[in-house]
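Enquirer: Mind looking at a prediction? Sequence and model below.
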Amino acid sequence: MAKYECTLCGYIYDEEAGIPADGIPAGTRFEDLPDDWVCPDCGAGKDMFKKIEE
């Protein structure tokens with residue numbers, strides 16, 4: 001599972017954790033998030049996220 005970082009605010013989306021409070025179950029891949037999903041911290045679109053290389 002990968003992690004993605006918002007390039008505007010630094011929010012990290014962790015595929016392994018998901019965002020259960022927002023209805024996104026653990027294990028949800030970034031590419032499987034809805035196209036209109038936005039950063040929960042700053043509202044940036046998916047296109048503003050970059051994959052974090054670990």
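Expert: Now that the structure is in, tell me what you want to look at.
Enquirer: Centroid-nearest residue for the protein?
Expert: With distances taken as C-alpha atoms, centre = their mean, Tyr13 lies nearest the centre of the chain, 3.4 Å away.
Enquirer: Skip the chain neighbours and tell me the closest residue to that one.
Expert: Leaving out its chain neighbours, the residue that sits closest to Tyr13 by C-beta to C-beta, 6 or more residues apart in numbering is Tyr4, at 4.6 Å. In short, each C-beta sits where N, CA and C put it, glycine included.
Enquirer: on contacts alone, who are the packing partners of the helix or strand encompassing the one you found?
Expert: Counting by DSSP states H and E, the element that carries Tyr4 is strand 3-6. Here strand 3-6 touches strand 12-14, strand 49-52, going by 3 or more C-beta pairs under 8 Å, 6 or more residues apart in numbering; DSSP states H and E.
Enquirer: Now stretch 41-51: average pLDDT?
Expert: What stretch 41-51 shows for mean pLDDT is 98.
Enquirer: oh sorry, the question was meant for stretch 9-25
Expert: Stretch 9-25 comes out at a mean pLDDT of 97.
Enquirer: one step back: quick check: the gap between the residue nearest to the centre of the chain and Ala21.
Expert: For Tyr13, the distance to Ala21 equals 13 Å [C-beta to C-beta, to the nearest Å].
Enquirer: do the same with Val38
Expert: According to C-beta to C-beta, Val38 and Ala21 sit 15 Å apart.
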